[in-house]
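J.: okay, here's the prediction I keep looking at, along with the sequence it came from:
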Amino acid sequence: MRLAVVAVGKPGRGPEAQLADDWARRASLAGRALGLGPLELIDVEARKPGKAAEAELILSAAEGSFLVACDERGRTFSSRAFADWIAELRDGGERRLTFAIGGADGLDPAVRDAARATLAFGPQTWPHALARAMLCEQLYRAVTILGGSPYHRD
């Protein structure tokens, strides 16, 4: 199952972008043997202002995917439960799992309505560059849990 993170905005070359890139690369390498990956990072930036324009780009990038909206009102998982959920989706025949991270104003309702699941990192609001890095790390962690690596410790 291919993995993708679609995020509004350009992460630049700062430490958050470097972290996300590093975790995505690690997840891609570790997930190959498990049928997970590669983990693709897709950054979208609307030419028109507003969440509706961002939604069009997100939905286009996620077409044909099991779409997960990242939203503070979403479902929370322990790392192990997140890994198990991803494995269930993979084993259930999903071919692509895409996570959507909104811009400064969050996700348009059209993205939340199209999403088949939601994910939260708790009730806090996080800058999208940090949320992107945290999500990539959790995807890497999920892959290592499923692969039996000692990276994750309960």
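T.: Great, that's in hand. From a predicted model like this one, the values you see are computed outputs, not experimental measurements.
J.: what helix or strand does the residue most central in space within the chain sit in?
T.: Computing the C-alpha centroid of the chain and ranking residues by CA atoms, centre = their mean puts F99 first, at 3.5 Å. Taking DSSP states H and E as the criterion, F99 maps to strand 96-101.
J.: run through who's touching that strand.
T.: Defining contact as CB atoms under 8 Å, 6 or more residues apart in numbering, one finds that strand 96-101 is touched by 1-8, 58, 61-62, 64-70, 86, 89-90, 107, 111, 115, 119, 128, 131-132, 135. Bear in mind the C-beta positions are built from the backbone N, C-alpha and C, glycine included.
J.: quick one: the helix or strand just after that strand to chain centroid distance?
T.: The first helix or strand that comes after strand 96-101 along the chain, using DSSP H and E, is helix 109-114. Taking the mean C-alpha point of helix 109-114 and that of its whole chain, the gap between them comes to 16 Å (CA atoms, centre = their mean, to the nearest Å).
J.: who are the packing partners of helix 109-114?
T.: In this structure, helix 109-114 packs against helix 51-61, strand 66-75, with contacts taken as 3 or more CB pairs under 8 Å, 6 or more residues apart in numbering; DSSP states H and E.
J.: picking up where we left off before, partner residues bridging the residue nearest to the centre of the chain?
T.: Legend: beta-bridge partners of F99 under DSSP bridges are V5, V68.
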